[in-house]
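> give me a 3D structure for the following:
(chains A and B)
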Amino acid sequence: MGFLDIDNTTKSYGAVEVLHKVDISVEEGEFLVLVGPSGCGKSTLLNMIAGLEEISSGEIRIKDAVMNGVHPSKRNIAMVFQSYALYPNMTVGQNITFGLEMHNVPKPDRDKAMKDVANLLQIEPLLDRKPGALSGGQRQRVAMGRALVRNPDVFLFDEPLSNLDAKLRVDMRTEIKKLHQKLGTTIVYVTHDQIEAMTLSTRIAVMFGGYVQQLGTPQEIYDTPANIFVATFMGSPAMNVVPAKVVVENGRPMAHVALHDGTIASLPFSQDNLAAWDGKDIMLGIRPETITDEDASDRKSKNIAPMMNRIVVTEPAGSDTFVTMTLGGRDVIARMRSDANVRAGEDFQFAVNMEKAVAFDPETENRIAP
Amino acid sequence: MSIASQDTAIRTGRVMRTMIYLVLLLFALFYMLPLYVMLVNSVKPLDEITGGGMMNLPQAFTFEPWVKAWSSAQIGVEPTGLSPYFWNSIKMVVPAVAISTVLGALNGYVLTKWRFKYDTIVFGLILFACFIPFQIVLIPMAKMLGLMGLAGTTSGLVLVHVVYGIGFTTLYFRNYYAVFPTELIRAAQIDGAGFFRIFWRILLPSSGPIAVVSIIWQFTNIWNDFLFGASFAGADSQPMTVALNNLVQASHGVKEYNVHFAGAILAALPTLLVYIVAGRYFVRGLMAGSVKG
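Take a look at the predicted model:
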């Protein structure tokens, strides 16, 4: 039994099931991020936890109490909305204390709680202003204040940063993480931004098409994605997934991949279980940062494979240089250090860290190794 | 090159603009003509009008027709002037406008934020009320009022106008609330506010512009209504419009046109006032629903 249990929960609209048997158990103090492209059901799931949408089947429990059919205000949750949903006709102070007022908390207690939260979020000077007179970042803080003041069991965040500009988003991201570390609260956070998911979470549920594709720590999700969808959705630039063939040479499974001119590069796998796939086609997943020049390759890796290939495009991005090449008939991106000596149109000796390579079944798209 | 063409654009712009303003001015004058006739004739002695000087400015300026229309003109059988009927109208209009606006707001709230199965059909049926001609409901309404014991009373008139107005007020508020962010309602739900608390504390305070639209619309319609007033009012609940008709249509004595003009202006004053006071909110409110995304 976790702190928040989502137990075989489904959601249907009429005959259409939009969320299929979601099963997640969240421990107290965990930061769970639901991430996925729009329409994957992540917001629906959050709204079901909040009680804003009905549960079609299954159970949601908070602290072992079944929440099906319980009114949102009685679940002891707080929610931060994408649009912040601040009441436009009330001041910041009234916005923060509205929930307490509705729960018949006496005024002196309300004021004290408001002061504490305002102090924590450093919004004391704003308390008498209307939301319309606040900047995006300030509104964001007030929305968090309104959630914090209730001292809820579970915080729900619905894409809270997506209305902010890029720089502010990074700042607020850090701030949310700080807040989580300081208060140790249980958070369920919905986003479509995989970087937010990676940076904030203690665990991630990657969702697509109404299914939880994979549930795990950020590191698990990143290093051992359950399938091609998760592999390409998480990480920026996305993981390169190219068709390859497994060939066992001297008892060792190798990936045969076509280079730009049709010649075959032979990259040795670190995983022996791929020997069973001898002669079969697979999809080979290689993260951009595991394709480098030889000098920058991971010294701890026991399996760096050299690969001579032609550079198609180079994109210097300051800290890194992204190099595009053709591999297995597809564009593949390598993330090189910025001072790597690369020029478009030239052949270059790459070093591929095959310890980090992932193999997928081309039929089911599920991971077969590691 | 672009600068040169801009130059000519400004020049033709000036000529065109002068033309446009001239035409507009002409139209405005033409449109104001009836008001002019009413105003100047209401402050003339009767013989100046009967002498054929309708368009002339008054030679002997007098407020007497106004005073007479308000307090001593013969309405029906009593020489009471229009004043008691003015108050009848107020007693009818204020509650009718208030009730129909609040009910319209509630309907709009339910139809957008507490959606239920077939709610669009319900809304369609309510909308239907906007398209039913007055005449059709007269006889059934008379029957209903009789059954409820409200025939010939101000309360009966209020009821009729509320029922007839709900279609329009619901339409206004529904469209306004349709673009009102639903997240705010959800936030309030999580905060623990119930159905009516959300309505009073969150929704209504943000409904200023559309409330003004609804109030102006209902006020003008109900104030200017003649048919319901003539059909359902008793002798002591007749509204201003009916009284004005009785004043003007009186078949005995001399036709006092100056008094009639003054009476007509008196009858039109409240709606005029409402427009002047709240007119700019009216346009703003009408636009609000359509522009906000």
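
> switch to C-alpha atoms for all contacts and neighbour counts from now on
OK.

> how much space between residue A:330 and residue A:256?
If you measure residue A:330 against residue A:256 using C-alpha to C-alpha, to the nearest Å, the figure is 14 Å.

> list, one by one, the residues from the stretch 51-200 of chain B near chain A.
In this structure, the stretch 51-200 of chain B approaches chain A at residues B:181, B:183, B:184, B:186, B:187, B:188, B:189, B:190, B:191, B:192, B:193, judged by C-alpha under 8 Å from any C-alpha of the partner chain.

> pretty sure the last one is touching residue A:104, no?
It stands for residue B:193. No. The pair formed by residue B:193 and residue A:104 falls short of the contact definition of C-alpha atoms under 8 Å, at 10.9 Å.

> of these two, which one has the most company?
When neighbours are counted by other C-alpha atoms under 10 Å in any protein chain shown, residue B:193 and residue A:104 differ, and residue B:193 comes out ahead with 22 against 11.

> so between residue A:330 and residue A:256, which is more surrounded?
Applying other C-alpha under 10 Å to residue A:330 and residue A:256 shows that residue A:256 carries more neighbours, namely 23 against 16.

> can you name the residues bridging to the more buried one?
residue A:245, residue A:266 (DSSP bridges).

> returning to what we had before: would you show me how to pick out the buried ones of the residues of the stretch 51-200 of chain B next to chain A in PyMOL?
Selection of the buried residues among those in PyMOL, burial being defined by 16 or more other C-alpha atoms under 10 Å in any protein chain shown:
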select buried, chain B and resi 183+184+186+187+188+189+190+191+192+193
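
> most widely separated two among the residues of the stretch 51-200 of chain B next to chain A?
Across those, the two members that end up farthest from each other (C-alpha to C-alpha) are B:181 and B:192, 17.8 Å apart.

> closest residue of chain A to chain B?
Of the residues in chain A, the one nearest chain B is residue A:99, at a distance of 4.1 Å by C-alpha to the nearest C-alpha.

> and the helices in chain B?
Ranges of helices within chain B are B:2-42, B:46-50, B:64-71, B:83-113, B:119-131, B:134-148, B:154-178, B:182-191, B:195-197, B:208-224, B:227-232, B:240-249, B:257-291, based on DSSP state H.

> buried ones in the last one?
For helix B:257-291, burial by neighbour count (16+ other C-alpha under 10 Å) applies to B:257-268, B:270-271, B:274-275, B:279, B:281-282, B:285-286, B:288-289.

> contacts with chain A among those, please.
Counting by C-alpha under 8 Å from any C-alpha, no member of the buried residues of helix B:257-291 is near chain A.

> just give me the residue right at the centre of chain B.
Most central in chain B under C-alpha atoms, centre = their mean is residue B:220, positioned 1.1 Å from the mean C-alpha point.

> doesn't residue B:269 make contact with that residue?
No. Using C-alpha under 8 Å, residue B:220 is not in contact with residue B:269; the gap is 10.7 Å.

> surely residue B:174 touches residue B:105?
Yes. Taking contacts as C-alpha under 8 Å, residue B:174 lies within contact range of residue B:105: 7.5 Å.

> who's more crowded, the two?
Just comparing residue B:174 and residue B:105: by other C-alpha under 10 Å the higher neighbour count belongs to residue B:105, 28 against 25.

> so that one versus chain A, what's the distance?
Residue B:105 sits 17 Å away from chain A, going by C-alpha to the nearest C-alpha, to the nearest Å.
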